[in-house]
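> need a structure here:
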Amino acid sequence: MEMENITVITEFVLLGFPLSPLAEVFLFIIFLVIYAVTLIGNIAVITLTSLDPHLQMPMYFFLCNLAVLNIICTSAVVPKMLMNFLVTRKSISAKLCEAQMYITLFLGAAECIFLAVMAIDRYVAICHPLRYSVLMNKSVCIGMAAGSWLSTFLGSVVPLIVLKLPLCGSNVIDHYFCEVPAMLQLVCADTSVSESAMYMGGIATEIIPFLLIVLSYIRIIIAILRLASADSRQKAFSTCSAHLTVVTIFYTTAMLMYMRSKGQRTPEEDKAISVFYTIINPMLNPIIYSLRNKDVKEALMRVLGRSKMAEV
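Alright, predicted model coming up:
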């Protein structure tokens, strides 16, 4: 490609959702409520795991990391999207666009890793209960969390920076935020290497963790079925149900987005799928863990009880 066809772009235009002004106002209200619920829910999880001694366990330590991830991911996308609902020219600076691209890719991959780590935690808790406190001690948990953040960054963001490609003259993005697949549409050069790298990165950060989750739960199910008491089996299943629900929702949308080739995707489909894993999932995660987890609900009652006593 000739160098004169390559331009320095300082601003992008986001096409977003092609709707009437009234419909955009309606979506603004809907997504504002979702964003507020997301922040409240995830901050509540972080607060509960920090204040309640009964939640000072590996499972909730990793859940706290997931909550931090959810807050950052949705905050990288939603505020700018809400602003663009209220203006005619839906623009975004090149720097913020680049930040959105790196942050969402990094945190999406990080969530895959953390869901696998949480599955391993459940496997150790159910299949090796007597050794659980030794195998999943504080140092191990911190090391697993740090390793998850670092390996995800090195495996997703660094290759994307190295393979950074020149953009053509067009600065129009057919999306509501700067996502990697949408940005590749603006590249002048051959994107086959970048798409292959993204596909391989998807295997490393989605398929491999997913296989670890499947293997962990196969062992968990076998161990649970061997329990003699029906109550014990029910209790064991209940500790895993929230995590399995989150895994199912997240992996379905993530694989639909990043494990498809360019010819299999359309902008409308990409936008719909992206809404789920950048906006809906971060809101649902704390709700699912709260509604389907007895320990979290009891911790919430204890914290609220202490607050009421302090007021009296």
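> contacts and neighbour counts: CA atoms only from here.
Will do.
> pLDDT weak spots in this structure?
1-8, 158-166, 169, 189-195, 197-199, 201-202, 257-265, 291-293, 303-312 (pLDDT under 70).
> can you pull out the strands in it?
Along the chain, counting by DSSP state E, strands occupy 11-14, 91-93, 172-173.
> Residues contacting the last one, please?
Meaning strand 172-173. Phe12, Val13, Leu14, Leu15, Ala182, Met183, Leu186 (Cα atoms under 8 Å, 6 or more residues apart in numbering).
> For the fourth one, which non-adjacent residue is spatially closest?
Meaning Leu15. Asp174 (5.0 Å; Cα to Cα, 6 or more residues apart in numbering).
> ok, the one you found - how many residues close by?
Other residues lying near Asp174 total 22 when counted by other Cα atoms under 10 Å.
> State the distance from it to Ile43.
According to Cα to Cα, to the nearest Å, Asp174 stands 32 Å off from Ile43.
> same deal with Cys141?
Taken as Cα to Cα, the span from Cys141 to Ile43 is 21 Å.
> buried set for the biggest helix by length in the chain?
The longest helix of the chain (DSSP state H) is helix 94-127. Using 16 or more other Cα atoms under 10 Å as the test for burial, helix 94-127 gives 94, 96-97, 100-127.
> Stretch 52-65 now?
Neighbour-count burial for stretch 52-65, counted by 16+ other Cα under 10 Å, picks out Leu55, Met57, Pro58, Met59, Tyr60, Phe61, Phe62, Leu63, Cys64, Asn65.
> One more: stretch 208-216?
Buried residues in stretch 208-216 (16+ other Cα under 10 Å): Pro209, Phe210, Leu212, Ile213, Ser216.
> Over to stretch 128-137?
Quick answer for stretch 128-137 (16+ other Cα under 10 Å): Tyr132, Leu135, Met136.
> Pull up the distance across it, start to finish.
End-to-end for stretch 128-137, by Cα to Cα: 14 Å.
> ok, now which ones touch Ser170?
Contacts of Ser170 (Cα under 8 Å, 6+ apart): Leu186.
> mind checking how far it is from Thr278?
Per Cα to Cα, Ser170 is found 25 Å from Thr278.
> swap in Leu135?
In terms of Cα to Cα, Leu135 sits 33 Å off from Thr278.
> Over to Val172?
Distance from Val172 to Thr278, by Cα to Cα: 21 Å.
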